[in-house]
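Quick one: sequence and predicted model below, then my questions.
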Amino acid sequence: MIRLTIRQMQYFERLAETLHFGRAATSCGVTQPALSAQISEMEAQLGFKLFERGGGAVRLTAEAQSLLPRVARILAEVRDLEGEARRERKALEGRFRLGVIPTIAPYLLPELLPLLKQRFPLLRLEVREAVTNALAEDTATGRLDAMIAANPIDDNRLAPDILFEDPFYLAVPTGDAARIAPPVAQESMALERLMLLEDGHCMRGQALEICGRVKPVTMETFGATSLTTLLHMVSHGMGVTLIPQMARASANLLPSVSVLPFLDPSPSRSICLVGRKSNPRRNDFAALRETVVEAHQALLARA
């Protein structure tokens, strides 16, 4: 009879994700020999190899690739069960793993984290910053309890709850502000050199959707992974870029950048709190939702 343990499946999932024994062991909080021993025991129980080792690389076997989605579903159920056991606690007590996308995290978290610490002193918050697709997969499989991102979230395992709208602004070199008179008509972007974040960022897709209606004369994709980098490029006259309202305060710190509003109806993105459809931590979500909205209002007041 096969007797796999939850721990073995957790180690397998993490090693399949990292394809590196050292990093997987560190992530699981164990030594590499301990992780290797559990993987070997799991292979012995199953009767087939899970990983191919050779040439300094670790690869999943065909059998492991078939097994991985089933293990992920089992572990997601286990995490839900653990959450169910915590339901009777007060809201936001104990461990809570939150993912936040890079075009939200640096602006919202400085307001959100102090509020959470003040109101929920027993909360042990773990924050991960990553692009939407990575956070969505981790949330769907239970490695995160929730994520804050921008709609749309194209994953039928997840349930997005829209919190607020975040209008876009056009960041331009200060010397061009007189030429591009606010409020900016979206059609006027057709004459500008528009700079975008690299592939993988949802705001790139949102910018492309807006640009699809006006077709700028030049669209440039840089290796920039943050709005801060793009804003510094704007400050040196390299082009213009779109920024969300929550980033205005940071942009205003650069004297050579002007932030211009769009003509109504202004383009915007919908910010949402996302969890699994099966997630039992409803009271946690209600408390987090209320606190995120309040943090956003404080951010706008400061800007």
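Nice, I can see it. Numbers count the residues shown, from 1 in each chain.

so where's the stretch 201-303 of the chain uncertain?
201, 211-223, 280, 303 (pLDDT under 70).

Strands along that one, start to end?
Secondary structure of the stretch 201-303 of the chain, counting by DSSP state E, counting those that start in this stretch: strands at 218-221, 241-244, 257-261, 268-276.

What is the longest strand of the chain by residue count?
Across the chain, the longest stretch assigned as strand under DSSP state E is strand 158-173.

okay, the angle between that one and strand 268-276?
Angle of strand 158-173 versus strand 268-276, following axes from the mean of the first three to the mean of the last three Cα atoms, to 10 degrees, is 150 degrees.

Please spell out which residues along strand 158-173 are buried.
For strand 158-173, burial by neighbour count (16 or more other Cβ atoms under 10 Å) applies to 158-160, 163-164, 166-173. Every C-beta, even on glycine, is put in place using the N, C-alpha and C of the backbone.

I'd like these laid out as CSV, including distance to Arg23.
Shown next, in CSV, are those (distance: Cβ to Cβ, whole Å):
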residue, distance to Arg23
Leu158, 26
Ala159, 31
Pro160, 31
Leu163, 34
Phe164, 37
Asp166, 34
Pro167, 40
Phe168, 37
Tyr169, 39
Leu170, 41
Ala171, 37
Val172, 42
Pro173, 42
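
which among those gets closest to Gln38?
Nearest to Gln38 among these, counting by Cβ to Cβ, is Leu158 at 30.2 Å.

Pull the contacting residues for the closest residue to that closest one other than its chain neighbours.
Spatial nearest neighbour of Leu158, excluding adjacent residues (Cβ to Cβ, 6 or more residues apart in numbering): Val274 at 5.2 Å. Val274 is in contact with Ala136, Thr139, Ala146, Met147, Ile148, Ala149, Ile153, Leu158, Ala159, Pro160, Asp161, counting by Cβ atoms under 8 Å, 6 or more residues apart in numbering.

looking at the sheet around Val274, what are its partners?
Per DSSP bridges, the residues bridged to Val274 are Met147, Pro160.

all helices for this protein, in order.
For the chain, helices defined by DSSP state H occupy the ranges 6-18, 21-28, 32-46, 62-85, 105-119, 132-140, 202-214, 227-235, 248-252, 282-302.

can these go into a markdown table with extra columns for distance to Arg53?
Shown next, in a markdown table, are the helices of the chain (distance: least, Cβ to Cβ, whole Å):
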| stretch | distance to Arg53 |
| --- | --- |
| helix 6-18 | 11 |
| helix 21-28 | 9 |
| helix 32-46 | 10 |
| helix 62-85 | 12 |
| helix 105-119 | 36 |
| helix 132-140 | 25 |
| helix 202-214 | 36 |
| helix 227-235 | 38 |
| helix 248-252 | 46 |
| helix 282-302 | 41 |
